[in-house]
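[1] below are the sequence and a predicted model; questions follow.
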Amino acid sequence: MLLFRSEEHLEAWIKIGSPAGEALSVQQQWDLARAWFRGRHLPSWKKRTAAESRSLFASVGLVSDFWSFE
Amino acid sequence: MSAVNEVRVELYRSFMEEERAPEPREIADRLQLPVGVVASALRTLADEDVIAFLPDTEDIWLVHPFCATPAPFQVTVEKRRWDAICIWDALGILALLDSDGSLSTTCPDCGEGIVLEILSGEVMAPPGAIVHFGVPVSRWYEDVGFT
């Protein structure tokens, strides 16, 4: 889960043998981080189920099988 | 609250307030629990992928999103500083703290520095900056360092 200067830099990095994976915008990642981590320090926090995680990913537009825990 | 949950909450308190991982003895003293109970709780949290130990040890390495050792992403809030192993965790620290701040890292391709800032809850990034996930979600915890 890395941060690149641009799509061109990401493509160059993949060309030398790194996994193609999936790219997302910084805004998507920020939205995801807020949804995923807020409240994690609280006594009431519970680990999400696979279905809950998939739903959370979908809420920021990540819907392919790449984003499934199952 | 169960001992496992008490230990989990104490781990987060330590990172959020003191910017570090506590030793099991410190956790035991603070929570007034036997060290063996704390050690068992830490193993349970590691089995559940809430935390991770340094390889081949029971030393705390990750309390997601925090990293106890120097790592490629540095998160700063005023004069406070944390390390993170990836962009997901680095932004996660700022989300968890619910604070404005910044993160810095280097582009894996060219090594040039990149800085993101959170201002009034909004993320500010250099034009074109892009996030990459190399490992599918279903395999994230097989090798969390690589992920």
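    Received the coordinates, thanks.

[2] and the helices in chain A?
    Using DSSP state H, the helices found in chain A span residues A:7-15, A:26-37, A:50-59.

[3] please apply the same query to chain B.
    B:3-18, B:24-31, B:35-47, B:87-97.

[4] any regions of chain B where pLDDT drops low?
    B:141-147 (pLDDT under 70).

[5] 90 - rerun?
    Scanning chain B for pLDDT under 90 picks out B:1, B:134-147.

[6] which segments of it make up each domain?
    B:3-63, B:69-147 (automatic domain parsing).

[7] and for the closest residue to B:Ser40 other than its chain neighbours, the neighbour number?
    Leaving out its chain neighbours, the residue that sits closest to B:Ser40 by CB to CB, 6 or more residues apart in numbering or on different chains is B:Ala3, at 7.8 Å. C-beta: built from backbone N, CA, C; applies to glycine. By other CB atoms under 10 Å in any protein chain shown, 15 other residues sit near B:Ala3.

[8] please apply the same query to the one 10 residues further on.
    If you count neighbours by other CB under 10 Å, B:Arg13 ends up with 14.

[9] please report how far it lies from chain A.
    B:Arg13 sits 7 Å away from chain A, going by CB to the nearest CB, to the nearest Å.

[10] most tightly surrounded among the helices of chain B?
    helix B:87-97 (a mean of 26; mean count of other CB atoms under 10 Å in any protein chain shown).

[11] which neighbouring elements make contact with it?
    helix A:26-37, helix B:3-18, strand B:66-67, strand B:73-77, strand B:80-84, strand B:101-106 (3 or more CB pairs under 8 Å, 6 or more residues apart in numbering or on different chains; DSSP states H and E).
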